[in-house]
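In: compute the structure for the input listed below.
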Amino acid sequence: MTTSTQIQNSLVVLASRPQGEPTVDNFSLRSEPLAALTDGQVRVKHHFLSLDPYMRGRMNESKSYAAAQAIDEVMIGGTVGEVVESKHAAYAVGDTVVGMGGWQEYSVVDGNQRGVLRKVQTGAFSSSHYLGAVGMPGVTAWYGLVKICDPKPGETLVVSAASGAVGSAFGALAKARGCRVVGIAGGADKCAYVVNELGFDACLDYKALGDVKALSKALKDAAPNGIDGYFENVGGWILDAVLTRMNAFGRIAVCGFIAGYNGAPTPMANPALILINRLTVRGFIVSEHMEVWPDALTELAGLVASGKLKPRESIADGIASAPEAFLGLLKGKNFGKQLVKLG
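Out: The predicted structure follows:
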């Protein structure tokens, strides 16, 4: 059992709001003693921290779908770890739990608050996958596919950031439904992984293609019957190229616009294509759809356990590495799900 007199908690806070592209100077590493638990509380030692693109939006003070990250507060983030001290009957020392513990080595959670901790099983796969394929990113892919793209066997689906945690899960879920799946990723190595290990039918390297015209032509070759559903993680000129190949009555699930996260505008070159092709374009936030999580997680866990979904992970070591790893994620330096190993 861990007590407050034994260990310091290392944590990362948001020190300042970025002006344009964030830097390591926007973060601060701190250490503070663990406080004693009160009745109903649970102390969790984190094994892995999830780094995700949505965190960039939280660093801004502008209006968004969620509250801004507070200055001098622990950065928000998903975690998986082990209960090391408990004053709540529902949680025992040794339980593996998933929560939003943030960028720190330990968190204290009110066990009476619904939904803040979820006990999970270990053994079938690494607990780290509960932050990726069998966690929020996987459920994000599931919702966008099932509830928005609404795939039919034989249809063609496309996903940007295909080698990442969301994109890889989207591909496995779509293949399980009998679809042709085309990925878009940055780099030949990522595209090779998408096709050879994830089982996509094709993957297009946007870095090598370089512009809308070249990507549009490549999409025509990879999706000769057009595109019926598109899962958007990136925005910008990638979206422009995909719109030129969408079929009539196609569906687009908008999950992220990473191309604009640092404040750059992301205008659409030809928005009239939405009307011409009678497209359905719908943005969504997966935390607003908790009703689908049980079904989604069950399917995702089965895909990982059976080897039909082979998630790739980029793992940084130690809480001090989190800022650099996060900045790398925003530039596409990660390969698969970006995590920080905390012990």
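In: so what pLDDT did the closest residue to His47 other than its chain neighbours get?
Out: Excluding its sequence neighbours, the residue lying closest to His47 (C-beta to C-beta, 6 or more residues apart in numbering) is Gly81, at 4.8 Å. Where you see a C-beta, it was placed from the backbone N, CA and C, and this is true even at glycine. You'll see Gly81 listed with a pLDDT of 97.
In: need the three-state assignment for Gly81.
Out: strand (DSSP: H, G, I helix; E, B strand; the rest coil).
In: I'd like to know how far Ile252 sits from Ile184.
Out: To Ile184, Ile252 is 14 Å away according to C-beta to C-beta, to the nearest Å.
In: re earlier: quick one, what contacts the residue nearest to His47?
Out: 44-48, 96-97, 101, 107, 342 (C-beta atoms under 8 Å, 6 or more residues apart in numbering).
In: one more: Asp110?
Out: 40-42, 116.
In: partner residues bridging it?
Out: Gln41 (DSSP bridges).
In: can you give me the helices in the stretch 151-300 of the chain?
Out: All helices of the stretch 151-300 of the chain, identified by DSSP state H, counting those that start in this stretch, fall at 165-175, 188-196, 206-209, 212-222, 237-243, 272-276, 293-306.
In: dump the fifth one to PDB, restricted to CA.
Out: Below are the C-alpha coordinates for helix 237-243, written out as PDB (Å, rounded to 0.1, in the frame of the first residue of the first chain):
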ATOM      1  CA  TRP A 237      -6.400  19.900 -48.300                       C
ATOM      2  CA  ILE A 238      -6.900  16.200 -47.400                       C
ATOM      3  CA  LEU A 239     -10.600  16.800 -47.000                       C
ATOM      4  CA  ASP A 240     -10.600  18.800 -50.300                       C
ATOM      5  CA  ALA A 241      -9.200  15.800 -52.200                       C
ATOM      6  CA  VAL A 242     -11.600  13.300 -50.600                       C
ATOM      7  CA  LEU A 243     -14.600  15.500 -51.400                       C
END
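In: what residues go with each domain of the protein?
Out: As assigned by automatic domain parsing, the chain contains the domains 8-132+311-341, 136-287.
In: most tightly packed of those?
Out: domain 136-287 (a mean of 20; mean count of other C-beta atoms under 10 Å).
In: doesn't Phe231 make contact with Gly250?
Out: No. Between Gly250 and Phe231 there is no contact under C-beta atoms under 8 Å: 11.8 Å.
In: re the thing from before, out of the contacts of Gly81, which sit inside strands?
Out: Members of the contacts of Gly81 lying in strands (criterion: DSSP state E): 44-48, 96-97, 107.
In: out of these, the closest to Ala325 would be?
Out: Phe48 (12.0 Å; C-beta to C-beta).
In: these two touch, right, that closest one and Thr79?
Out: Yes. Applying C-beta under 8 Å, one finds Phe48 in contact with Thr79, separated by 6.8 Å.
In: identify the contacts common to these two.
Out: What both Phe48 and Thr79 touch, as defined by C-beta under 8 Å, 6+ apart, is the set Leu131.
In: skipping adjacent residues, who's closest to Ser163 in space?
Out: Per C-beta to C-beta, 6+ apart, closest to Ser163 is Lys190, 4.1 Å.
In: how close does that neighbour sit to Glu197?
Out: Counting by C-beta to C-beta - Lys190 and Glu197 are separated by 11 Å.
In: same thing with Phe249?
Out: 32 Å.
In: next: Arg180.
Out: 18 Å.
In: one more: Val234?
Out: The value you get for Val234 to Glu197, if C-beta to C-beta is used, is 21 Å.
In: do Ala162 as well
Out: 12 Å.
In: quick one: end-to-end distance for stretch 285-294.
Out: 16 Å (C-alpha to C-alpha, to the nearest Å).
In: what residues does it touch?
Out: 65-66, 115, 136, 139-140, 142-143, 146-147.
In: CSV for those, including distance to Leu275, pLDDT and secondary structure?
Out: Formatted as CSV, the contacts of stretch 285-294 follow (distance: C-beta to C-beta, whole Å; pLDDT from 0 to 100; DSSP: H, G, I helix; E, B strand; the rest coil):
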residue, distance to Leu275, pLDDT, secondary structure
Tyr65, 26, 70, coil
Ala66, 31, 73, coil
Gly115, 40, 86, coil
Met136, 33, 94, helix
Val139, 31, 97, helix
Thr140, 28, 97, helix
Trp142, 29, 98, helix
Tyr143, 26, 98, helix
Val146, 26, 98, helix
Lys147, 23, 98, helix
